[in-house]
Every structure is written in C-alpha cells, then in structure tokens.
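Trainee: all I have is the shape, not the residue letters:
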C-alpha cells in the first residue's frame, strides 16, 4: 500500500521545479498561464528568487502545486501509482489532481485564486502563526483558551503528537509564547509566514473561494483522498468541495490523517514536491523503519523512486484524469 503526500507552504526552495519546464510541455504552458494571472514570471521567480517574493502566498501557491504535480506526473508515467493521496494545507489542492477529482491545470488555476484571496485577507489581519512543541497537549489548549476566551487564537494544525500550530493576531501570539514558557508547558517558535492561515481571519477569502469552487466540476476520486478537516478518506465530490473550502478557516488534522494511514497498513509514503517536511512528520507520527518514507523533489528522484522492483502498486488514476 502506497500513499502520496503533497507538501504545503513552508516547503519551498529556490530552484524548485527547474527541471520540469522541458519535461512536460503542457505543464510549462499551465505555469505560463498562471504567470499571466499573477503578473510575474513564476518560473523565473522559482529559479532565482528572491526568497521573500517566492514566499508570497499569491506566487507560492500556484508554483508549489505546479511543481508537485509535475513530479507526480513523472512518477505516474513511470508506473508508480498511489493507493491513497493527501496533502498538507495547500498540498490538498495538489492531492485533488493526483486523485483525479480535478485535472492538473484546474488545480493550478485553483491555487492561483486561493493564493490571491488568502493574501488579500491576510493584508487586513496583521497576524501570523506559532508552532508549539509540547508533551501536554491538553494543558496547552486549556491555557490558551483561558488566555483568549474570544477565540482569536485558533488551532491551525495538529501535526504530530507533540506539535501544534496556532494562528492569530501578532500580540496574542506573543502573549501565548510568554505564557507557554512561564507555565513550562512546552516551547514555541514563530513561523515565517505571511498570514494567520487556517483561522477565522481567512473568512473573507473562504467566502469568495467557496463561490468560485461552486462553479467547478469535481469528479469522484479514483483513489481515496484523505481530507485535512476530517483526517479520513472522502469519496463524495460535494463533501470534498466542502472540505477544501472549510480548510481555509479550520485546522489541518495531519496527526489523525497519519493515524488513519497507519491503521490502513500503508507500507510506503512518498512525499512529492520540494523539501522534506512531510517525511519528518511521518516519522514523528509513528511510521518507523519498517515503513519506507521517500521524497521526490526532482526528476532524478522520480527515477530512483520508480525502480521496477518498487512499481507494483495497481493503477489508481487513468490517463484521462492525468492530462
């Protein structure tokens, strides 16, 4: 049993996808169209940076989805097919295409609009994100509820048994970090992000995004798609659409998602896209040495991952969903 994992924002690196522009002519055409929509040469930005511009969510989202789906196409063309797919936050848009719910070019278009609307909402939010490492999850949650009874400090991601991520206004994040240290509940660090993702601050983006997705056709997934907001597979296109919309203001349930994959006896995890964030989270979520965890962030890595000895998973996505 194989699961494909797709990374979200934070996994980007200068040079990502540089080997894809000549590998798949159709993919180059799609990123050129995305470049026209966002008003910047995205391929040049990915190749040269600067990092600050690359990290802007309106540019990063289509680039990251494009890069992930390019390497996904290379794996599928070489015969490696998933039994399950899931993505972390933005990576869920890549997973939509990998599971056949939408075509790759549609997923890239979705990322263009998602990124633009989230950046617009973030401009009015003046917030950020705080990663917390703790052995007392319940204690942290109770302490933060006491600190913020109005609920502005939102749980944004449940990543591992000992890592939670919170979103909210900057002063409240500072107060939470101070309280965490004072009560000796754990350690924290501010994330380098441009907005308070997965929080009520994204409500305006969620509303616009929901209207946009309502006009797109979603197909039933051909291999199970594990949703961020539930941590379990979903096969109903309408429920998948609702989950994708909800994820803008609700937490990423990555720990429960990983628990579901363990219960399903998945024996191989392949992180597709730049970075190794999800590979690390897999190990932190209990996938031990008996499970193969690999990363595919280049065409060379795709060749290595598709050694004939390993390409024995049944086909999950037919060619007409991979164009």
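Mentor: Thanks, I have it. Keep in mind that what you see is a predicted model, and the values were worked out from it rather than measured. Numbers count the residues shown, from 1 in each chain.

Trainee: pretty sure residue 131 sits in a strand.
Mentor: Yes - when classified by DSSP: H, G, I helix; E, B strand; the rest coil, residue 131 is found to be part of a strand.

Trainee: tell me what it is bridged to.
Mentor: residue 165, residue 189 (DSSP bridges).

Trainee: residue with max distance from the center of this protein?
Mentor: The outermost residue of the chain relative to its centre, with distances by CA atoms, centre = their mean, is residue 182 at 32.5 Å.

Trainee: for that one, grab phi and psi.
Mentor: Here is the backbone geometry of residue 182 (degrees, to the nearest 10): phi -60, psi -40.

Trainee: same check on residue 194?
Mentor: According to degrees, to the nearest 10, residue 194 has phi -100, psi 10.

Trainee: that one contacts residue 119, correct?
Mentor: Yes - in this structure, residue 194 is within contact of residue 119 by CB atoms under 8 Å, at 6.9 Å. Backbone N, C-alpha and C define where each C-beta goes, glycine included.

Trainee: quick check: neighbours shared by these two?
Mentor: Taking CB atoms under 8 Å, 6 or more residues apart in numbering as the criterion, residue 194 and residue 119 both touch 56-57.

Trainee: isn't residue 186 right up against residue 136?
Mentor: Yes - with contact defined as CB under 8 Å, residue 186 counts as touching residue 136 (6.9 Å).

Trainee: for the residue farthest from the centre of the chain, give me its contacts.
Mentor: Residue 182 neighbours (CB under 8 Å, 6+ apart): none.

Trainee: just the pLDDT at it, thanks.
Mentor: For residue 182, the pLDDT comes out at 96.

Trainee: and the protein, what are its domains?
Mentor: Domain segmentation of the chain under automatic domain parsing yields 2-122+200-321, 126-190.

Trainee: which of those sits most buried?
Mentor: By mean neighbour count, with neighbours taken as mean count of other CB atoms under 10 Å, domain 2-122+200-321 ranks first of those at a mean of 20.

Trainee: that one: how far from the chain's middle?
Mentor: On the basis of CA atoms, centre = their mean, to the nearest Å, domain 2-122+200-321 sits 6 Å off its chain's mean C-alpha point.

Trainee: before we move on, what about stretch 175-192?
Mentor: Worked out by CA atoms, centre = their mean, stretch 175-192 lies 25 Å from the chain centre.

Trainee: begin at 45 from now on, thanks
Mentor: Fine by me, first position is 45 from now on; the one you just mentioned is stretch 219-236.

Trainee: where exactly do the strands run in this protein?
Mentor: Using DSSP state E, the strands of the chain run over residues 46-50, 128-131, 171-177, 198-204, 207-213, 231-234, 269-270, 277-278, 312-316, 336-340.

Trainee: for the ones you listed, which one sits closest to residue 101?
Mentor: Closest approach to residue 101 among the strands of the chain (CB to CB): strand 171-177, 12.4 Å.

Trainee: picking that back up, which stretch in the domains of the chain has the least confidence?
Mentor: Of all those, mean pLDDT reaches its minimum on domain 46-166+244-365 (a mean of 90).

Trainee: for the nearest residue to residue 84 once chain neighbours are set aside, which residues are in contact?
Mentor: Distance criterion CB to CB, 6 or more residues apart in numbering; nearest residue to residue 84, sequence neighbours excluded, is residue 103 at 6.3 Å. Counting by CB under 8 Å, 6+ apart, residue 103 touches 82, 84, 86, 89, 97, 159.

Trainee: any idea how far residue 170 is from the fifth one?
Mentor: Computed with CB to CB, to the nearest Å, the distance linking residue 97 and residue 170 is 20 Å.

Trainee: the third one too?
Mentor: Distance check for residue 86 against residue 170: by CB to CB, it reads 27 Å.

Trainee: next: the second one.
Mentor: When CB to CB is the yardstick, residue 84 and residue 170 sit 24 Å from each other.
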